[in-house]
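Trainee: Structural data only, the sequence is not supplied:
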């Protein structure tokens, strides 16, 4: 009886040890902590772009001075009593480089359409003794504005990027014939032309239409230095005349297309999340 019980106990112990050994030999899945999410790295924004713009501008005449010659000195220096320029359209194009997300530069060339001029001068008319009279003067000007510009893109929210900028360069400005009319008759002065120093200040915002195309809407103030307005006319003994400069306020709209580098309009890459794989141990 005692031997049978001892044998049964030994058989149970042996079966338990064998089962544990077999279970230890089977591969068991080991769960590990999920790996951390790898954040999407910021993409360097930059590359070449081209642009095209149209605008409507209002010009402000800064005044003009001229000389009236007499048979004997002193010669008479005069100034325009009034002068006003009407609005006009212009169009331009440029090429630039987006240095990074916040800074870009470009060079632009704009053709400013003719702005009509109306002014007047005060003087004396008729034979001696002369009497005071006022002339009526008409002309127009157009200009080719060449600028090197730099901009700060403040940031992008929902595809909209506000910016400020400044430019420096020159303007090739051409005045048309000045028509002068007073009590003595009508006189014509050929217009002056030539290069002048110019600068500009800009503010506006761009909007992503596609991952490469932006709509650009803004305001630009530009100033063109003074220069020759009209030449001497022998039949009136007046001239030359020099304007004191022209200030231009522009409302602009256009498109920018980035064809190189990474555009800030492109959607950011999705963050990479590696999936854990079960590891089996023996």
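Mentor: Arrived safely, thanks for sending. Worth saying up front: this structure is predicted, and the values here are computed from it rather than measured.
Trainee: Give the buried residues for the host helix or strand of residue 148.
Mentor: Residue 148 is part of strand 131-153 when elements are defined by DSSP states H and E. Neighbour-count burial for strand 131-153, counted by 16 or more other CB atoms under 10 Å, picks out 135, 137, 139-147, 149-151, 153. C-beta here means a position set from N, CA and C on the backbone, and glycine is covered the same way.
Trainee: strand partners of it, parallel vs antiparallel please.
Mentor: Strand 131-153 pairs in its sheet with strand 103-125 (antiparallel), strand 160-175 (antiparallel), strand 178-182 (antiparallel), by DSSP bridges.
Trainee: Centre of the chain to stretch 94-104, how far?
Mentor: Relative to the centre of its chain, stretch 94-104 is centred 10 Å away, using CA atoms, centre = their mean, to the nearest Å.
Trainee: The chain should start at 123 in everything you say after this.
Mentor: Yes, from this point I'll number from 123; that puts the last item at stretch 216-226.
Trainee: Report the rounded mean pLDDT for that stretch.
Mentor: The pLDDT scores in stretch 216-226 average 95.
Trainee: And stretch 382-398, by the same measure?
Mentor: 67.
Trainee: how far away is residue 213 from residue 252?
Mentor: Residue 213 sits 47 Å away from residue 252, going by CB to CB, to the nearest Å.
Trainee: sorry, back to before: please compute how far the strand holding residue 270 lies from its chain's middle.
Mentor: A distance of 21 Å separates the centroid of the chain from that of strand 253-275, by CA atoms, centre = their mean.
Trainee: For that strand, give the mean pLDDT please.
Mentor: The average pLDDT for strand 253-275 rounds to 96.
Trainee: Including mean neighbour count and distance to residue 352, could the strands paired with strand 253-275 go into JSON lines?
Mentor: Formatted as JSON lines, the strands paired with strand 253-275 follow (neighbours: other CB atoms under 10 Å; distance: least, CB to CB, whole Å):
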{"stretch": "strand 225-247", "mean neighbour count": "18", "distance to residue 352": "11"}
{"stretch": "strand 282-297", "mean neighbour count": "18", "distance to residue 352": "6"}
{"stretch": "strand 300-304", "mean neighbour count": "20", "distance to residue 352": "4"}
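Trainee: Just put those in TSV and tack on distance to residue 379.
Mentor: Shown next, in TSV, are these (distance: least, CB to CB, whole Å):
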stretch	distance to residue 379
strand 225-247	12
strand 282-297	15
strand 300-304	42
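Trainee: and of those strands, who's closest to residue 183?
Mentor: strand 225-247 (6.8 Å; CB to CB).
Trainee: would you list every one of the strands in the chain?
Mentor: Counting by DSSP state E, the chain has strands at residues 150-152, 169-183, 186-190, 198-207, 210-220, 225-247, 253-275, 282-297, 300-304, 307-311, 315-330, 335-352, 360-380, 401-403.
Trainee: Could you work out the end-to-end span of stretch 276-290 for me?
Mentor: One end of stretch 276-290 sits 21 Å from the other (CA to CA, to the nearest Å).
Trainee: what's that stretch in contact with?
Mentor: The contact list for stretch 276-290 (CB atoms under 8 Å, 6 or more residues apart in numbering) reads 223-224, 230, 269-275, 320-330, 336, 340, 344, 386-387.
Trainee: With residue 190 as the reference, measure out to residue 358.
Mentor: In terms of CB to CB, residue 358 sits 8 Å off from residue 190.
Trainee: So for the two, which residue has more residues nearby?
Mentor: Taking other CB atoms under 10 Å, residue 358 and residue 190 do not tie; residue 358 has more neighbours (19 against 15).
Trainee: Excluding chain neighbours, what is closest to the more buried one?
Mentor: residue 309 (4.1 Å; CB to CB, 6 or more residues apart in numbering).
Trainee: what number of residues lie near that neighbour?
Mentor: By other CB under 10 Å, the residues close to residue 309 number 19.
Trainee: residues in contact with it?
Mentor: Going by CB under 8 Å, 6+ apart, residue 309 touches 301, 302, 303, 355, 357, 358, 360.
Trainee: Flag the shaky bits of the protein, pLDDT-wise.
Mentor: For the chain, applying pLDDT under 70 flags the ranges 123-166, 193-194, 389-404.
Trainee: same thing but at 80, please
Mentor: Within the chain, the stretches with pLDDT under 80 are 123-167, 192-197, 250, 382-386, 388-404.
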